[in-house]
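Colleague: quick one: sequence plus predicted model below, questions after.
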Amino acid sequence: QVQLVESGGGLVQPGGSLRLSCVASGFIFSNSVMNWYRQAPGKGRELVAGISPAANSTAYGDFGKGRFTISRDNAKNTVYLQMNTLKAEDTAVYFCSGVVRGVRLWGQGTQVTVSS
């Protein structure tokens, strides 16, 4: 079964950190570009970060540059998102995503809430 399962979300105070994980199964993970997206209440889904199959190239949305780091462990079929210096505006559901055989696959999402 092809699936992506996120974890690691939660409630954190402004300035805090979280690390999200996404475990992939059912496809050749090491061949796939992987992304993190997020969707805040009442807003559209936006790209947070992306990483190439060999992890030699990454890209970030402007809001995450210098604060967020995407990484992957192909031996564990896992992609990570380290988020530091979190702000209230980072509150959203975070989704892991990849394109598998021409179809964009989504995880179920993990809620990140930044609040004091």
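Modeller: Now that the structure is in, tell me what you want to look at.
Colleague: chain center to stretch 60-68, what's the gap?
Modeller: 12 Å (CA atoms, centre = their mean, to the nearest Å).
Colleague: what do you get for stretch 23-41?
Modeller: Using CA atoms, centre = their mean, the offset of stretch 23-41 from its chain centre is 7 Å.
Colleague: what's the first-to-last distance across it?
Modeller: End-to-end distance for stretch 23-41, by CA to CA, to the nearest Å: 25 Å.
Colleague: one more: stretch 91-105?
Modeller: Start-to-end, stretch 91-105 (CA to CA) is 22 Å.
Colleague: now do stretch 10-17: distance to the chain's middle.
Modeller: With CA atoms, centre = their mean, you get 16 Å for stretch 10-17.
Colleague: Leu11 and Ile70, how far apart?
Modeller: 22 Å (CB to CB, to the nearest Å). Yep, even glycine has a C-beta here, placed from its N, CA and C like the rest.
Colleague: run through the bridge partners of the spatially most central residue of the chain.
Modeller: Note on the chain: the residue nearest the mean C-alpha position is Trp36, at 3.0 Å, using CA atoms, centre = their mean. Assessed by DSSP bridges, Trp36 has beta-bridge partners Ala49, Cys96.
Colleague: let's see the pLDDT reported for it.
Modeller: Looking at Trp36, its pLDDT reads 98.
Colleague: so it makes contact with Ser97?
Modeller: Yes. Counting by CB atoms under 8 Å, Trp36 touches Ser97, with 7.4 Å between them.
Colleague: neighbour count winner among Leu11 and Ile70?
Modeller: The neighbour comparison of Leu11 against Ile70 (other CB atoms under 10 Å) goes to Ile70, with 22 against 12.
Colleague: wait, the more buried one touches Tyr94, no?
Modeller: No. Between Ile70 and Tyr94 no contact is recorded; they are 11.5 Å apart, counting by CB under 8 Å.
Colleague: what is in contact with the two at once?
Modeller: Trp36, Val48, Leu81 (CB atoms under 8 Å, 6 or more residues apart in numbering).
Colleague: give me the helices and strands touching the helix or strand hosting Gln82, please.
Modeller: Following DSSP states H and E, one finds Gln82 within strand 78-83. If contacts are counted by 3 or more CB pairs under 8 Å, 6 or more residues apart in numbering; DSSP states H and E, strand 78-83 sits against strand 18-25, strand 34-39, strand 45-51, strand 68-73.
Colleague: alright, calling it a day.
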